[in-house]
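# Quick one, what's the 3D model for this:
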Amino acid sequence: MIKDYKMKSVKSLEEFQKKFAEICQKWTHNKDGTEVTKIFDRPEFRLWFRGQADKTYGLKPGVFRNDFIHESDKNKSISLNQSISLNKLILLKERHLFKEFKRRSAGLIPSNIDDIDLYFLQQHYGMPTRLLDWSSNLLVALFFAVQKYDEKDGLVFILDSYKLSNNENYGNPSKNNPDLKDSIKIIAEWDDKFEFPKYTFPVSAHYFDSRMLFQRAGFTFHVEQCNDLQCNDLLGHKNKPINQICIEGQSKKIIRNELQLMGIDEFFIYGDLENLSKSLKSLFAGKTLT
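From the prediction side, this is the model:
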């Protein structure tokens, strides 16, 4: 669970933009005005954003959340006198999920999709993985932060992905990153001769899927030792890779309306016929046509 870190909630799109500008200023300049980080040289690659409608959620991927392994699964392994660690139970379930997703989705996706891209697709369509979704579009993240739970404050996280990857000169790893390749082999091929890395890292995805394209997707890959990217010690510090903006729950509807005026709605986010229908129904709800 995330604790508040000197957070004052914003109540409008204007306040949100001002807060974002303040964060960028702190990250890029010292108090005397001298530049320390060249974020804006390649902001579309470097700055990533994630919106969460409930500020108490951590930055923890699906397979590391408390509800991924049910108590009945843990108790069953104990009753069978099997000394299976929680991490092994997580990996075992993840392997089975990947195998079934690959088998059942075969007729729905191109035949040339490799296991890494398939893993990205799993995450983007709601399967629990070791990935977290990010976007290079700030307003996409804000949309998700205000989409629901009007009784709860939301958060938009801002990630300097170059700092997280410790590679400010060369950018983020791609799907060809050896650590990612080995990790996917452990999951997809049940290959235990490889090991997961000891750190969380960003991965720039190829936009081979329309939903990933519309949302400008990127991912962070998480490991057992660092499965929750959220850490209060990282928040608000100029030389750290992450910051956040809190959205007041009572103001979410106002911000949703402001986003809609800018064309940021379900159809913009998902780009399919189902969400086109949702967007149009919302647009014409309660209106008298002449």
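# OK, contacts around the nearest residue to Leu164 once chain neighbours are set aside?
Distance criterion Cβ to Cβ, 6 or more residues apart in numbering; nearest residue to Leu164, sequence neighbours excluded, is Pro241 at 4.4 Å. Where C-beta positions appear, they are placed from N, C-alpha and C, glycine not excepted. Pro241 is in contact with 159-161, 163-164, 234, counting by Cβ atoms under 8 Å, 6 or more residues apart in numbering.
# Which one of those is nearest to Ser111?
Nearest to Ser111 among the contacts of Pro241, counting by Cβ to Cβ, is Ser161 at 31.3 Å.
# is it true that the closest one touches Leu132?
No. Using Cβ atoms under 8 Å, Ser161 makes no contact with Leu132, being 11.7 Å away.
# shared neighbours of these two, anything?
Joint contacts of Ser161 and Leu132 (Cβ under 8 Å, 6+ apart) are Thr220.
# which residues of this structure score low on pLDDT?
1-7, 31-33, 35-44, 72-84, 166-171, 226-227, 230-239 (pLDDT under 70).
# tell me which residues of stretch 125-139 are tucked away?
Going by neighbour count (16 or more other Cβ atoms under 10 Å), the buried part of stretch 125-139 is 127-139.
# right, I mislabeled it, should have said stretch 266-284
So for stretch 266-284, counting by 16+ other Cβ under 10 Å, buried means 266-270, 275, 279.
# Please report how far Asp150 lies from Leu229.
26 Å (Cβ to Cβ, to the nearest Å).
# okay, these two: which has more neighbours?
More neighbours surround Leu229 than the other of Asp150 and Leu229, with 20 against 15 (other Cβ atoms under 10 Å).
# quick revisit: reformat the buried residues of stretch 266-284 as TSV; add distance to Leu108.
Formatted as TSV, the buried residues of stretch 266-284 follow (distance: Cβ to Cβ, whole Å):
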residue	distance to Leu108
Glu266	21
Phe267	21
Phe268	23
Ile269	21
Tyr270	16
Asn275	18
Ser279	24
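# What are the boundaries of the helices in the stretch 1-150 of the chain?
13-28, 43-46, 71-79, 86-104, 115-124, 138-146 (DSSP state H, counting those that start in this stretch).
# and the nearest residue to Asn137 once chain neighbours are set aside, how many neighbours does it have?
Spatial nearest neighbour of Asn137, chain neighbours left out: Arg216 (4.6 Å); criterion: Cβ to Cβ, 6+ apart. Using other Cβ under 10 Å, Arg216 has 18 neighbouring residues.
# what's the answer for the one 5 residues further on, then?
The tally of other residues near Phe221 (other Cβ under 10 Å) stands at 24.
# my guess is it meets Ser204, correct?
No. Contact criterion Cβ under 8 Å: Phe221 and Ser204 do not qualify, at 11.5 Å.
# Give me the common contacts of those two.
Joint contacts of Phe221 and Ser204 (Cβ under 8 Å, 6+ apart) do not exist.
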